[in-house]
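S.K.: Below is the structure, and that's it, no one-letter string:
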């Protein structure tokens, strides 16, 4: 499933509702210009509002702290992700759904590659921003896990499965995303992330049902175990030789129909 730049399930009206105010954009642009020129630690909120041409009160109306201006879209993206998961149906594959939700984060980064690369470089340089980024990632992971817990409720180890899969989705997404950011935003970010998330889909795909073993005389079923290239067939004592041979052939995938006797 693919997403546009608007929130999931929304059209032009939803896109207009989530449009960023011009002052907010101006503050984020001014902040990053100063971060690049002076350094993050050397830039104050007063410096940012002076360059943006707004009052100090305006800054805190949009951003609770200087750290928040580095990640201006994460709150919106987290809300979009939560709404997307809440709109899921019972027929939706839960693993596929959380993989699709993770792509919302990718699209946020891909909307403005230059800004995303600058932010990545900045967070590598400032320990406080790395800690802040980890807290944001944790919130995404919790949103995915909460959805999966609801879908896996009642299953053995359902909570464990939900937490493991959510962590795997975040790890796969971030591995591909950071690889793209380290390349200065060159190449197809969506292809990289899709490839990584496909690994999660494959690893946690629902197992196919095991077909029942063939009936044998006496009402018993032969027990067949496979361990690498070793095949063991157990038949009822006293079974005719032709029946034993038939079960061996069946175990190797070359058996005859059960009605064909070999004398």
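M.R.: Right, received. Where do you want to start? What you are looking at is a predicted structure, and each value in this text was computed from that prediction instead of being measured.
S.K.: Nearest residue to residue 142 in space, please, no chain neighbours.
M.R.: residue 166 (7.7 Å; C-beta to C-beta, 6 or more residues apart in numbering). Every C-beta, even on glycine, is put in place using the N, C-alpha and C of the backbone.
S.K.: Which neighbouring elements make contact with the host helix or strand of that neighbour?
M.R.: Using DSSP states H and E, residue 166 maps to helix 158-182. Counting contacts by 3 or more C-beta pairs under 8 Å, 6 or more residues apart in numbering; DSSP states H and E, helix 158-182 packs against helix 94-110, helix 113-125, helix 127-151, helix 189-203.
S.K.: okay, the angle between the second one and helix 94-110?
M.R.: Read it as helix 113-125. 100 degrees (axes from the mean of the first three to the mean of the last three C-alpha atoms, to 10 degrees).
S.K.: And for helix 113-125, what's in contact with it?
M.R.: 32, 35-36, 40, 70-71, 109-110, 129-130, 133, 178, 181-182, 184-185, 189 (C-beta atoms under 8 Å, 6 or more residues apart in numbering).
S.K.: The last one too?
M.R.: Residues lying outside helix 189-203 but in contact with it, judged by C-beta under 8 Å, 6+ apart, are 95-96, 99, 102-103, 106, 109-110, 113, 165, 168-169, 172-173, 175-177, 179-180.
S.K.: Quick check: buried residues in that helix?
M.R.: If you call a residue buried by 16 or more other C-beta atoms under 10 Å, then helix 189-203 has these buried ones: 189, 192, 193, 196, 197, 200, 201.
S.K.: Same question for the third one.
M.R.: Residues 129, 132-133, 136-137, 140-141, 143-145, 147-149, 151 are the ones in helix 127-151 that count as buried (16+ other C-beta under 10 Å).
S.K.: With pLDDT and distance to residue 157 added, can I get those residues in CSV?
M.R.: Below are the buried residues of helix 127-151 laid out as CSV (pLDDT from 0 to 100; distance: C-beta to C-beta, whole Å):
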residue, pLDDT, distance to residue 157
129, 91, 36
132, 90, 33
133, 91, 30
136, 91, 28
137, 94, 24
140, 96, 23
141, 97, 18
143, 96, 21
144, 97, 17
145, 97, 14
147, 97, 17
148, 97, 12
149, 96, 11
151, 95, 14
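S.K.: between the residues you listed, which is nearest residue 82?
M.R.: Nearest to residue 82 among those, counting by C-beta to C-beta, is residue 143 at 5.4 Å.
S.K.: That closest one against residue 80, yeah?
M.R.: No. Using C-beta atoms under 8 Å, residue 143 is not in contact with residue 80, being 10.4 Å away.
S.K.: Give me the domain ranges for the chain.
M.R.: Listed domain ranges for the chain are 21-66, 71-208, 212-263 (source: automatic domain parsing).
S.K.: Compare the mean pLDDT across those and name the weakest.
M.R.: Looking at the domains of the chain, the lowest mean pLDDT belongs to domain 212-263 (a mean of 57).
S.K.: who touches stretch 23-36?
M.R.: Contacts for stretch 23-36 (C-beta under 8 Å, 6+ apart): 43, 47-49, 51-54, 58-59, 62-63, 66, 69-70, 72, 115, 118-119, 122.
S.K.: Contacts only, for the spatially most central residue of the chain.
M.R.: The centroid of the chain falls nearest to residue 169 when counting by C-alpha atoms, centre = their mean (3.1 Å). By C-beta under 8 Å, 6+ apart, the residues touching residue 169 are 98, 99, 102, 141, 144, 197, 200.
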